[in-house]
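K.L.:
Just a sequence and a predicted model for now, questions to come.
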Amino acid sequence: MIRFDQATVTYRGGVTALDHVDVEIPDGEFVVIVGLSGAGKSTLIRAVNGLVPLTSGTVNVGDRDVGQLTKRQLRALRADVGMIFQHFNLVDRTTVLNNVLMGRLNRVPSWRSMLGWWGGDEVELAMQSLEVVEIVDKAYIRAANLSGGQQQRVGIARALAQQPSVLLADEPVASLDPPTSHSVMRYLQKVNRELGITTLVNLHFLDLAREYADRIIGLRGGRVMFDGPGSAADEKVFEKIYGRSLTADDVLEAEASL
Ligand SMILES: Nc1ncnc2c1ncn2[C@@H]1O[C@H](COP(=O)(O)OP(=O)(O)OP(=O)(O)O)[C@@H](O)[C@H]1O
C-alpha cells in the first residue's frame, strides 16, 4: 500500500505543490492523477520514490517511510518502483534489448553491468518484459529506429525488467498521437491487471483517464479535489478539478464528449 499522510511539498521559491494530501492506494490499484498543468501531479508521483522530498507529512510505500530512508534503503526503494517518462528516456544509439537491460542496473553488481556482462537469466527476463508489450521482434534494433509508441513500449518493458511492485508513469502519452496513446494505455492496464503491479499514471486527457482508471485522483493547487472511481468523474467533477469548463484541449479526441 502507498499512503500519503498530510503530505506537503513547498518548493524553494514558495510554491506549494502538494498541500496536506491524504491518500491511500491499496496494492494492485490502477490510479490516474489528473489536474491542470502545475496542479502537483508530477510532485505527487515523484514523492513516492523520494525524488521529491516532503516538506511535512509522510509518504509510506509498504512499511517504508520514504522520508526516513537511508541512501541505501532509498536505492532499494527505487529498484522496487519503476518509472515511465513522457519522452521515453531511452538511449537512442543502443539496442532495444540493452535499453531494457538497463532496468536491471539496480539489481545486479555494477561491475558486471559496466562490462556488459549480462547473465542469461537477465537477458531472459528482459525478453519476457518485451513480450508483455509485444515488441520482442525489435530486440536487436536500435531504439532510435522505433516509432514513439514503440519507444514507449520499450520504456514500459525497461520498467518491468526491474520487477517492480509499483509503476509510476509521468504523462506517458503526452508525446503520442491518439491511437498510439490508447495502445500505450492498454499496455499499462494489461501490466496492472495481469502482473498486479500498483500503477500511478499522470494524464492530461480526461477521456483517457475515465476510460482506463480504476480510480481518479483530481488535484488542483496541490489539493485533492476528487478521489473516486473513474465512472463517477463526470463533467461537473472535472469542472471542480479544473476550475473551469472543459475545452477540446482537455480531451484526446477533439470531438469526444465525456
Ligand atoms: N523543482 C521545482 N522548483 C520550484 N517549483 C517547482 C519545482 N517543480 C515544480 N514546481 C512548481 O510546483 C507546482 C506543481 O508542479 P508539478 O510539476 O508537480 O505539477 P504538474 O501538475 O505535474 O504540472 P505539469 O503537468 O505542467 O507537469 C508548479 O507550480 C511548479 O511550477
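P.N.:
Perfect, I can see it now.

K.L.:
just for the stretch 51-200 of the chain, where's the confidence low?
P.N.:
109-117 (pLDDT under 70).

K.L.:
Can you show me the helices along it?
P.N.:
Using DSSP state H, counting those that start in this stretch, the helices found in the stretch 51-200 of the chain span residues 71-80, 96-101, 110-114, 120-132, 148-161, 178-195.

K.L.:
So for residue 220, which of these sits nearest?
P.N.:
For those, the distance to residue 220 is smallest for helix 178-195, at 23.1 Å, taking C-beta to C-beta. (C-beta placed from N, C-alpha, C; glycine too.)

K.L.:
Could you name the helices and strands sitting against the closest one?
P.N.:
strand 30-34, helix 120-132, helix 148-161, strand 166-170, strand 198-202, helix 206-212 (3 or more C-beta pairs under 8 Å, 6 or more residues apart in numbering; DSSP states H and E).

K.L.:
Reformat those as JSON lines; add mean neighbour count and distance to the ligand.
P.N.:
Rendered in JSON lines, the data for these read as follows (neighbours: other C-beta atoms under 10 Å; distance: least, C-beta to the nearest ligand atom, whole Å):
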{"stretch": "strand 30-34", "mean neighbour count": "25", "distance to the ligand": "8"}
{"stretch": "helix 120-132", "mean neighbour count": "17", "distance to the ligand": "27"}
{"stretch": "helix 148-161", "mean neighbour count": "24", "distance to the ligand": "17"}
{"stretch": "strand 166-170", "mean neighbour count": "23", "distance to the ligand": "7"}
{"stretch": "strand 198-202", "mean neighbour count": "25", "distance to the ligand": "6"}
{"stretch": "helix 206-212", "mean neighbour count": "21", "distance to the ligand": "13"}
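
K.L.:
would JSON lines of these with distance to residue 17 be doable?
P.N.:
Output for these, formatted as JSON lines (distance: least, C-beta to C-beta, whole Å):
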{"stretch": "strand 30-34", "distance to residue 17": "13"}
{"stretch": "helix 120-132", "distance to residue 17": "32"}
{"stretch": "helix 148-161", "distance to residue 17": "24"}
{"stretch": "strand 166-170", "distance to residue 17": "14"}
{"stretch": "strand 198-202", "distance to residue 17": "13"}
{"stretch": "helix 206-212", "distance to residue 17": "20"}
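
K.L.:
closest to residue 221 out of these?
P.N.:
Across the helices and strands packed on helix 178-195, residue 221 has its closest neighbour in strand 30-34 (13.7 Å, C-beta to C-beta).

K.L.:
May I have the strands that pair with that closest one, each with its orientation?
P.N.:
Neighbouring strands of strand 30-34 in its sheet, by DSSP bridges, are strand 198-202 (parallel), strand 215-220 (parallel).

K.L.:
can you redo the helices of the stretch 51-200 of the chain as a markdown table with distance to residue 167?
P.N.:
Converted to a markdown table, the helices of the stretch 51-200 of the chain look like this (distance: least, C-beta to C-beta, whole Å):
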| stretch | distance to residue 167 |
| --- | --- |
| helix 71-80 | 11 |
| helix 96-101 | 15 |
| helix 110-114 | 22 |
| helix 120-132 | 12 |
| helix 148-161 | 6 |
| helix 178-195 | 7 |
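
K.L.:
List just the one of the ones you listed that sits closest to residue 222.
P.N.:
Of all these, helix 71-80 comes closest under C-beta to C-beta, at 23.1 Å.

K.L.:
got the contact list for that closest one?
P.N.:
49-50, 61, 64, 66, 69, 106-107, 162, 164-166 (C-beta atoms under 8 Å, 6 or more residues apart in numbering).

K.L.:
Could you check the angle that helix makes with strand 166-170?
P.N.:
Angle, helix 71-80 to strand 166-170, by axes from the mean of the first three to the mean of the last three C-alpha atoms, to 10 degrees: 80 degrees.
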